[in-house]
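Visitor: could you work out the structure for the sequence below:
(chains A and B)
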Protein chains: 2
Amino acid sequence: MRNVLLSTVLFMGIISVHAQNKVSINNQNMEKKTSAVRLIYPQWQGGIVAHWMPDIPAEDASRGYYLGAQLLNMLAPESSQEVIEVPVSLDINDRETEKGISSRRVILKQTKAALEKLREKAPDRIVTLGGDCSVSVVPFTYLAEKYPGEMAVVWIDAHPDVNLPYDEYEGYHAMALTACLGMGDEEIMGLLPGKFDASKALIVGLRSWDTGMKERQEKLGIKGLSPEKVAGDSSAILEWLKETGASKVVIHFDLDVLDPAEIIAGVGVEPDGMRIDEVVRVINDIASKYDLVGLTVAEPMPRIAIKIKNMLHQLPLLK
Amino acid sequence: MRNVLLSTVLFMGIISVHAQNKVSINNQNMEKKTSAVRLIYPQWQGGIVAHWMPDIPAEDASRGYYLGAQLLNMLAPESSQEVIEVPVSLDINDRETEKGISSRRVILKQTKAALEKLREKAPDRIVTLGGDCSVSVVPFTYLAEKYPGEMAVVWIDAHPDVNLPYDEYEGYHAMALTACLGMGDEEIMGLLPGKFDASKALIVGLRSWDTGMKERQEKLGIKGLSPEKVAGDSSAILEWLKETGASKVVIHFDLDVLDPAEIIAGVGVEPDGMRIDEVVRVINDIASKYDLVGLTVAEPMPRIAIKIKNMLHQLPLLK
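Guide: All right, here's what the predicted structure looks like:
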């Protein structure tokens, strides 16, 4: 009996080694095919947002996206994805406007750092947890270079983010979609690896424009869909995608697209937004028909967490 | 020149060793004097709360305190305190009511585990991050044993938490203060190391009673102060503390004491509550005059974090 057992164990062992080798090779192939990284990108300098949250100390509101990115990472599913974090300054005084962009120097530096991180890992797919809306710019233009001519971008956002430097509002996060189209500050554009054509960009959930931005959107020829147009089903988006001829898609999801009656998770509080389950359905409908290579969740502003954090820091015994 | 440098380096080295020894000895004394632990106690079984949050899946709302405790720990100041975590079951089906207490078996087990952790570390001070209100029971009665006759308990809460087993509401978190007074389930009371006298318990911010609980509070002779009574200053609390003759204090802070107009951080949403800065001031005023040996922050219910977590778990590319 012992010998039989021993032989079986040895035999199973040999099978096991073979199986492991096979699995290992398969995993290598799989990894090569689908290597995705999770990019934690807590950039907050793209926003000028404190005035929208008078109940939070201005400096905490300004840097709120930083905590927001850490929270998103904590709340995201556990995964075997490699997690890489872009180093982001927390200096509140280093926000000088230069060439029409607030905090331009810091943003330049962090853009380079993000790109360096991506080039080092060379992923095929990127999930980005931001950070203000501008955190999509580096991963999306990296992917645009990787898959030239194959990609469309779906920008799920209450706002169009089509500002340009020297517009009245100086926050780079409002210039994020235009940057993905290759338009904006010369030096930043010079860094970005690729770009999208405006005919391959769609804004979903759009319902709020700063002065002149509706006209800018029209002039650029970027199609927008209101929350109502996608409330029942995703067909308007899927039809548009079909027309573009794209095979791969990147999706930017600004949390302010969500209806404030259901959740206030971002900065902007614009009524009549999309429901959480509608956004989830839209993203999954796209992913079921196209190769989703990039997904960003952006603009988390954890108001309650900031208040609790500040409160805990004022209590005795905790330090 | 090299010799001078060498001598200087050696001399500095000798000073440095002496200084380090001194610091080390001082630290040991300091640690001995003020050894505090941070107890992460994500117990959620004390609450029956899902019906108050119809916009969150019932199981997530029930276990919401679990995530709440992790978030509090993330948001708390960095500290050199030793962090210990009570192992807590996440089994949603193991909630049988026994002897008038929901989830009694699990609570018994976790009570034992918490006590074991504390006895192992034998701290002089405990900061507890919960978890439902019942997470104060083990640390407070541990401290009551450690400092017999010296202590008072200040219970900052919208509700009195003076339920007993077999009352209509079966959640153990509503029995938390009575348990600290040594009243409740025989087997649980048998485990608890010490207890407080009702004359040394004060409820602050109190404004909501379940049927019969106002009468229970009166019968037990526990003094309560409304939010208005402590809005301007902490004198009513400090006068009461003086009368007790206590030298040490433990403070329980249920987040539902806060005014929902300012923040909804707990489960209960009771209007006309305390402001965050009022609670912070009350706790610091007590700590400035008395030896604060225990502090609990309880009942965090991170509604928005739960929604974002569930949303992220439904998105592609993140797993």
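Visitor: these two touch, right, residue A:298 and residue A:251?
Guide: No. If you go by Cβ atoms under 8 Å, residue A:298 and residue A:251 don't touch, sitting 10.8 Å apart. Quick note: C-beta positions are derived from backbone N, CA and C, even for glycine.
Visitor: what about those two, which has more around it?
Guide: A direct count of neighbours by other Cβ atoms under 10 Å in any protein chain shown for residue A:298 and residue A:251 places residue A:298 higher, at 31 against 27.
Visitor: look up how far residue B:108 lies from the more buried one.
Guide: 46 Å (Cβ to Cβ, to the nearest Å).
Visitor: tell me which parts of the stretch 151-300 of chain A are close to chain B?
Guide: Taking Cβ under 8 Å from any Cβ of the partner chain as the measure of proximity, the stretch 151-300 of chain A contacts chain B at A:262-265, A:276, A:279-280, A:283-284, A:287, A:292, A:295, A:297, A:300.
Visitor: mind checking which of the residues you listed are buried?
Guide: Among those, those scoring as buried are A:263, A:264, A:265, A:276, A:279, A:280, A:283, A:287, A:292, A:295, A:297, A:300 (criterion: 16 or more other Cβ atoms under 10 Å in any protein chain shown).
Visitor: out of those, which are inside helices?
Guide: Applying DSSP state H to these, the entries found in helices are A:276, A:279, A:280, A:283, A:287.
Visitor: including pLDDT, could the residues you listed go into CSV?
Guide: Listed next are these as CSV, based on pLDDT from 0 to 100:
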residue, pLDDT
A:276, 98
A:279, 98
A:280, 98
A:283, 98
A:287, 98
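Visitor: show me the contacts for residue A:82.
Guide: A:37, A:38, A:121, A:123 (Cβ atoms under 8 Å, 6 or more residues apart in numbering or on different chains).
Visitor: what count of nearby residues applies to the third one?
Guide: So the one you mean is residue A:121. Neighbours of residue A:121 under the rule other Cβ under 10 Å: 13.
Visitor: same question, the first one
Guide: Other residues lying near residue A:37 total 20 when counted by other Cβ under 10 Å.
Visitor: which strand residues bridge it?
Guide: Going by DSSP bridges, residue A:37 is paired in beta bridges with residue A:82, residue A:126.
Visitor: contacting residues for it?
Guide: Contact analysis of residue A:37 by Cβ under 8 Å, 6+ apart lists A:81, A:82, A:83, A:84, A:118, A:121, A:123, A:125, A:126, A:127.
Visitor: tell me the buried residues within the residues you listed.
Guide: Here, 16+ other Cβ under 10 Å leaves A:81, A:84, A:118, A:123, A:125, A:126, A:127 buried among those.
Visitor: the last one and residue A:77 touch, don't they?
Guide: No. The criterion here is Cβ under 8 Å, and residue A:127 misses it with residue A:77 at 10.4 Å.
Visitor: could you pull out the residues contacting both of these two?
Guide: Common neighbours of residue A:127 and residue A:77 (Cβ under 8 Å, 6+ apart) are residue B:318.
Visitor: thinking again about what came up before, out of the buried ones among the contacts of residue A:37, flag the one nearest to chain B.
Guide: Nearest to chain B out of the buried ones among the contacts of residue A:37 is residue A:127 (Cβ to the nearest Cβ; 4.9 Å).
Visitor: which parts of the stretch 201-319 of chain A are helices?
Guide: Counting by DSSP state H, counting those that start in this stretch, the stretch 201-319 of chain A has helices at residues A:213-220, A:235-244, A:276-289, A:303-312.
Visitor: out of the ones you listed, nearest to residue B:112?
Guide: Comparing the helices of the stretch 201-319 of chain A against residue B:112 with Cβ to Cβ, the closest turns out to be helix A:303-312 (28.4 Å).
Visitor: mean confidence score for that closest one?
Guide: In this model, helix A:303-312 has a mean pLDDT of 98.
Visitor: which secondary structure elements does it contact?
Guide: When contacts are defined as 3 or more Cβ pairs under 8 Å, 6 or more residues apart in numbering or on different chains; DSSP states H and E, helix A:303-312 sits against helix A:58-62, helix A:64-75, helix B:64-75, helix B:276-289.
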